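Peer 1: got a predicted structure here, sequence first:
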Amino acid sequence: MDSVTSADGTRIAHKRSGNAPPLVLVHGSTANHTRWAAILPELQNAFTVIAMERRGRGESGDAAAYSRDREYDDVVAVVEAAGGGVSLLGHSFGALCAMEAALRVDDLRRLVLYEPLFPMDEGPIIPASCVSGLVR
């Protein structure tokens, strides 16, 4: 497995396969990079698939104290290492991580959120600065 270093120094593992524009996959809470095995052959036909392992899972490292922001930073690190024009797909809690990471990166080609989880304990999901630019 390949790896990148997240903003806090944590090693984030990922498996790369295929040979086309990059697609980063972010799994949900009870999984690792193998969650995507059933659809990987199809995705590899159209993308260079980068199936990451979220912190604390598989071959990725972890930190003593948990923070959602660190998870978002992990996705950012993988996306930035993939190069420009990245597509990003997240499932369940991984969709939340992908959505938040999308707000922190440049040159994201597309964002796909499958069964996203939205925490209700921390205020607005989408910052007002993003919404004000969309609403006319």
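Peer 2: All right, it came through fine. Numbering: from 1, shown residues only.
Peer 1: contacts for stretch 62-74, please.
Peer 2: With CB atoms under 8 Å, 6 or more residues apart in numbering as the test, stretch 62-74 has contacts from 6-8, 10, 12, 52, 54-56, 60, 96-97, 100-101, 104, 119. To be clear about C-beta, it is placed using only N, CA and C from the backbone, and glycine gets the same treatment.
Peer 1: using PyMOL, define a selection of the buried residues within those.
Peer 2: Buried subset of the contacts of stretch 62-74, written as a PyMOL selection, criterion 16 or more other CB atoms under 10 Å:
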select buried, resi 6+10+12+52+54+55+60+96+97+100+101
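Peer 1: out of the contacts of stretch 62-74, the closest to R110 would be?
Peer 2: A101 (13.3 Å; CB to CB).
Peer 1: tell me who's in contact with that closest one.
Peer 2: Here A101 is in contact with V26, Y72, D73, V75, V76, V79, L88 (CB under 8 Å, 6+ apart).
Peer 1: quick one, phi/psi of it?
Peer 2: phi -60, psi -40 (degrees, to the nearest 10).
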